[in-house]
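# I'd like to go over a predicted model; first the sequence, then the structure.
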Amino acid sequence: MVGVSIVNLHKRFGKTEAVREFTLEIRDGEFFVLLGPSGSGKSTVLNCIAGILRPDKGEIWIGDKLVASAEKKIYIPPQERNLGMVFQDYALYPHMTVFDNIAFPLKVRGESPETIKDRVTNISAILGIQHLLSKKPAQLSGGERQRVALARALIRNPPLLLMDEPLSNLDAKLRVLMRVELKKIQREFRSTVVYVTHDQVEAMSMGDRVGVMSSGVLQQVATPEEIYEKPLNTFIAGFIGSPP
Ligand code: ADP
Ligand code: MG
């Protein structure tokens, strides 16, 4: 497990200030939820942690390793950050079987076929997708694809798992089921999780702590209970649905 430290992060796209003065300490082993309406800058923060985007200003630490600093001109690419990522659209490779999709990060690392087979078998059993290994992504349901994406993200046992709205393409019933699953998986794999969502119920039911964003700014960081009971401003109160 590993913590994440973000110090005064700024990121703009042209005239849009997507993220401003963003400072946050995510604890080792924590399930941290970044919550906010669409366009508030959540994915930008997550992509900066992942290394998909480079900050314009500020620093990002994963554990004791400085992975990005605009000022110090440090930028560690995603594959060297030792993390797993699950996207909203799952981003599976359509031409590969489920087995090959899950195995991909290990193949890239040059693991032996025996090790790969063992690891894929093991992780598929945990996620209940053994029976899907020879299928292609197009033959799977949304929930199955979500599990495959999760298996691929977890295959290297990353101490840090980043998830960007991973349940938003699932129907309501499956979404509720997968919330519980994801929490269980986090405990099993002992990963630190940074989880992005615009869904208040998801955030409040899953987060050890929740950070609320709006317009590129982190408004409040607290436990779900604290945010509900003591929202810092009227935006948060309205967004969470706190009692007046
Ligand atoms: P969220 O994930 O909370 O919906 P984003 O981080 O995706 O928000 O976006 C924050 C703001 O930055 C939005 O105004 C969005 O339109 C803008 N933005 C994000 N990515 C890009 C991009 N690649 N190019 C231009 N604008 C972007
Ligand atoms: Mg987003």
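Here it is on my side, so go on. Ligands and ions are numbered 1, 2, ... in the order given.

# report the distance from the helix or strand where Lys184 lies to the chain centre.
Following DSSP states H and E, the helix or strand that holds Lys184 is helix 172-189. Using C-alpha atoms, centre = their mean, to the nearest Å, the mean C-alpha position of helix 172-189 is found 13 Å from that of the whole chain.

# with stretch 125-141 instead?
With C-alpha atoms, centre = their mean as the basis, the mean position of stretch 125-141 lies at 21 Å from the chain mean.

# repeat that for stretch 47-66.
With C-alpha atoms, centre = their mean, you get 14 Å for stretch 47-66.

# can you give me the buried ones in the helix holding Lys184?
Going by neighbour count (16 or more other C-beta atoms under 10 Å), the buried part of helix 172-189 is Leu174, Arg175, Met178, Arg179, Glu181, Leu182, Ile185, Gln186, Phe189. Just so you know, the C-beta spots here come from the backbone N, C-alpha and C atoms, and that holds for glycine as well.

# same check on stretch 136-153?
By neighbour count on 16+ other C-beta under 10 Å, the buried set for stretch 136-153 is 136-137, 140, 143-153.

# so which of the residues you listed are in helices?
When DSSP state H is applied, the buried residues of stretch 136-153 are split such that Gly143, Glu144, Arg145, Gln146, Arg147, Val148, Ala149, Leu150, Ala151, Arg152, Ala153 fall in helices.

# orientation of the helix-or-strand element of the chain with minimal mean pLDDT relative to helix 142-154 in degrees?
Among the helices and strands of the chain, helix 172-189 carries the lowest confidence by mean pLDDT, DSSP states H and E, at a mean of 87. For helix 172-189 against helix 142-154, the angle by axes from the mean of the first three to the mean of the last three C-alpha atoms, to 10 degrees is 20 degrees.

# can you lay out the ones in helices among the buried residues of stretch 136-153 as JSON lines showing pLDDT?
Converted to JSON lines, those look like this (pLDDT from 0 to 100):
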{"residue": "Gly143", "pLDDT": "87"}
{"residue": "Glu144", "pLDDT": "91"}
{"residue": "Arg145", "pLDDT": "92"}
{"residue": "Gln146", "pLDDT": "89"}
{"residue": "Arg147", "pLDDT": "90"}
{"residue": "Val148", "pLDDT": "94"}
{"residue": "Ala149", "pLDDT": "93"}
{"residue": "Leu150", "pLDDT": "90"}
{"residue": "Ala151", "pLDDT": "92"}
{"residue": "Arg152", "pLDDT": "94"}
{"residue": "Ala153", "pLDDT": "91"}
